[in-house]
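K.L.:
Need a 3D model of the following:
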Amino acid sequence: MTDTPQHALWNGPAGQAWVQAQCLLDAMFAPLARVLADAVPPGADWQVLDVGCGTGAVSLAIAGRLGTDGHCTGVDISAPMIDTARARARDDAVAATFLVADAQRHAFPAARLDRVVSRFGVMFFDDPQRAFAGLRDATRTGGALHAIVWRAAAENPFMTTAERAAAPLLEGRQGIVTYRAKSCLSN
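P.N.:
Coordinates of the predicted model:
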């Protein structure tokens, strides 16, 4: 694994927060997961890669649509999120594979993928040219990329409104303010 700011972020508090809020985030982003899952016809015997799969919602939805010879692999830089995705697949008896790796640097087998999907994953590439070249090389002729990404922060106030509102209240405070959400995996 590489030592990058993204690796540190998603294997630290951001990754843990995403795991803790998995139920809420899955519900909030369910319409987007459906759009990506619908890119795979029911019963298709395709090989699908979910880039930046997080806790696995899109990967699991796609795996449930695939035929008996199809397979979905989720890849994410966050070990805590991949651990959660693996647990979800095991608990739901869904045949999906999850890999802790940096998708922009990982050497995927050439010309094996029918679809590459990503819900908010590809936008974090620090070297997009290298990353997309590698994903293209891993995709068969006729394959496709389906990605959903946020606009830049300046064009997307949803992503920064809470931070801007809280900033004056947190000036001079040390540490991180966290919240606890009940995990879907808890009893």
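K.L.:
For stretch 144-152, C-alpha coordinates in CSV please.
P.N.:
The C-alpha coordinates for stretch 144-152 follow below in CSV (Å, rounded to 0.1, in the frame of the first residue of the first chain):
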residue,chain,number,x,y,z
ALA,A,144,-17.3,0.5,-20.3
LEU,A,145,-16.8,2.8,-17.3
HIS,A,146,-19.7,4.1,-15.3
ALA,A,147,-18.8,6.6,-12.7
ILE,A,148,-20.6,9.0,-10.4
VAL,A,149,-18.6,11.9,-8.9
TRP,A,150,-19.2,15.1,-7.0
ARG,A,151,-18.5,18.5,-8.6
ALA,A,152,-15.6,20.6,-7.2
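K.L.:
can you give me the mean pLDDT across it?
P.N.:
The average pLDDT within stretch 144-152 is 89.
K.L.:
Name the residues of that stretch that come out as buried.
P.N.:
Neighbour counts over stretch 144-152 (16 or more other Cβ atoms under 10 Å) mark Leu145, His146, Ala147, Ile148 as buried. The C-beta positions use only the backbone N, C-alpha and C, and glycine is treated the same way.
K.L.:
Give me the neighbour count for Asp3.
P.N.:
Using other Cβ atoms under 10 Å, Asp3 has 6 neighbouring residues.
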